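>>> sequence and predicted structure are below.
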There are 2 protein chains.
Amino acid sequence: MTHTPLAFRHHNHRLCVRGALDSARTLCNERGARLTPLREQVLELVWQSHKPLGAYQLMDQLATASTRRVAPPTVYRALDFLLEQGLIHRINGLNAYVGCPSPEHRHPSHFLLCRACGVAVEIESAQLNETIMDNAREAGFRLESHSLEVTGLCPDCRSQSDA
Amino acid sequence: MTHTPLAFRHHNHRLCVRGALDSARTLCNERGARLTPLREQVLELVWQSHKPLGAYQLMDQLATASTRRVAPPTVYRALDFLLEQGLIHRINGLNAYVGCPSPEHRHPSHFLLCRACGVAVEIESAQLNETIMDNAREAGFRLESHSLEVTGLCPDCRSQSDA
DNA sequence: CCAAAGATGTTACACTATAACCCTTTCTGT
DNA sequence: ACAGAAAGGGTTATAGTGTAACATCTTTGG
């Protein structure tokens, strides 16, 4: 049985953005973390699509979107905050950042990355987590965090390349 | 049952290096790939320990080891060759490179990374591979490569931090 | 031996990220 | 409300990682 994830399909993306921003506001409120206008704006830009964005791309878009020219440290500090709050993930293989669809609980960073269209989809699998933990335990390793990045073709790009 | 991997224990590291270089020479021969003196020297430097090394660290060590001052492209080209031949892996989370203990067959890059001592140990688990493939398949994704990086404490550093 | 391909050298530069310092805003305890 | 502390953000400069483009040298194969 296959179930194509939302981000790989056409969908009403406004709902993704709205949901992400609502969750972020709620969570930060609960946690006493300050989701400032700048941080919220960066989060919204990250969520403009399901494609991971680089820090310098975000800088450019900030400049475009709000005639606000910011230097790298400003963006990186906002990104650090969002990472700490689990509102975004960093994709190491791309030096890029993408919104987290389930920021309410901490979880490892597991992604499917389409090399053709650039879309990133987060995987949540208890079985996968357990397999990884088993492998760590077997080596006597105390696991603290893990990240998985799977590269390939999403269903859409796959059918196009088959044609 | 736990079995502490070799790289996490004291061991005769000369054997690791010798084995790696022997395998590399054999494989490149079989494949008609040219393991030039420079490439071999870079491979040997990568293998000086089980800790991933950055490209610029390698440059420095090349200069020290052989009074041979090389520019970045030289090191990166050697690294690219070694990556293509599967003789080393890149650890994305560290921007660093580490020797592959089983270069004779292509395989994904799965590592346990000790944040205290820096040692990287490669995992090979059919179960892990299958779980990842299952998750990709379920999403209708055509998997082409994957990399897993697990961060934590190795058995040694773990017992020291418990004390 | 010559031509082509492959490997390395060299210069310059692009991209990613952080250090250090300063000023402003917000929070905290009284 | 106020003073002091803490956090956020602006600014400049620089560190760290990686590549483009072109020149030179070496190996290979006809």
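Sure thing, it's come through.
>>> now A:R68. Nearest residue, chain neighbours left out?
A:L62 (5.7 Å; C-beta to C-beta, 6 or more residues apart in numbering or on different chains). (Glycine included, C-beta is placed from N, CA and C.)
>>> can you name the next helix or strand after the strand or helix carrying the one you found?
Element membership for A:L62 (DSSP states H and E) is helix A:55-66. The helix or strand immediately downstream of helix A:55-66 is helix A:72-84, counting by DSSP H and E.
>>> that next one relative to helix A:55-66, how many degrees between them?
100 degrees (axes from the mean of the first three to the mean of the last three C-alpha atoms, to 10 degrees).
>>> backbone phi and psi for the residue of chain A found nearest DNA strand D, please?
Closest residue of chain A to DNA strand D, C-beta to the nearest atom of the strand: A:T36 (3.1 Å). With angles defined as degrees, to the nearest 10, A:T36 sits at phi -70, psi 170.
>>> looking at this, A:D156 is in a strand?
No: applying DSSP: H, G, I helix; E, B strand; the rest coil, one finds A:D156 to be helix, outside a strand.
>>> now it: how far from B:G118?
Distance, A:D156 to B:G118, using C-beta to C-beta, to the nearest Å: 41 Å.
>>> number of nearby residues for the residue lying closest to A:N92 once chain neighbours are set aside?
By the measure of C-beta to C-beta, 6+ apart, the closest residue to A:N92 outside its immediate chain neighbours is B:N92, 3.9 Å from it. Other residues near B:N92 come to 17 when the count uses other C-beta atoms under 10 Å in any protein chain shown.
>>> now do the phi/psi pair for A:G99.
The phi and psi values for A:G99, taken as degrees, to the nearest 10, are phi -70, psi 150.
>>> quick check: phi and psi on the closest residue to it other than its chain neighbours?
Nearest residue to A:G99 in three dimensions, chain neighbours excluded: A:W47, at 4.4 Å (C-beta to C-beta, 6+ apart). Torsion angles at A:W47 (phi, psi; degrees, to the nearest 10) stand at phi -80, psi 0.
>>> could you give the number of residues near A:W47?
Neighbour count of A:W47, defined by other C-beta under 10 Å: 23.
>>> show me what contacts it?
Shown in contact with A:W47 (C-beta atoms under 8 Å, 6 or more residues apart in numbering or on different chains): A:16-17, A:20-21, A:99.
>>> swap the cut-off to 10 Å and go again
In this structure, A:W47 makes contact with A:13, A:16-21, A:24, A:53, A:87-88, A:98-101, judged by C-beta atoms under 10 Å, 6 or more residues apart in numbering or on different chains.
>>> again with A:P72
Neighbouring residues of A:P72 by C-beta under 10 Å, 6+ apart: A:55-56, A:59.
>>> can you give me the helices for chain A?
A:13-31, A:37-46, A:55-66, A:72-84, A:126-138, A:155-162 (DSSP state H).
>>> mind putting the ones you listed in CSV, mean pLDDT included?
Formatted as CSV, the helices of chain A follow (pLDDT from 0 to 100):
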stretch, mean pLDDT
helix A:13-31, 97
helix A:37-46, 98
helix A:55-66, 94
helix A:72-84, 98
helix A:126-138, 98
helix A:155-162, 88
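>>> hey, which of these is tucked in deepest?
Among the helices of chain A, ranked by average contacts under mean count of other C-beta atoms under 10 Å in any protein chain shown, first place goes to helix A:37-46 (a mean of 20).
>>> starting at the chain centroid, how far to that one?
13 Å (C-alpha atoms, centre = their mean, to the nearest Å).
>>> just stretch A:5-22 next, same as before
For stretch A:5-22, the distance to the chain centre is 12 Å (C-alpha atoms, centre = their mean).
>>> what lies in contact with it?
By C-beta under 10 Å, 6+ apart, stretch A:5-22 touches A:35, A:40, A:43-44, A:46-51, A:87-88, A:98-101, A:103, A:112, A:114, A:117, A:119-123, A:154-158, B:138-141.
>>> if we go to 8 Å?
A:40, A:43-44, A:47-50, A:87, A:99, A:101, A:103, A:112, A:114, A:119-121, A:154-156, B:139-141.
>>> of those residues, which are in range of DNA strand D?
Applying C-beta under 7 Å from any atom of the strand, the subset of those adjacent to DNA strand D is empty.
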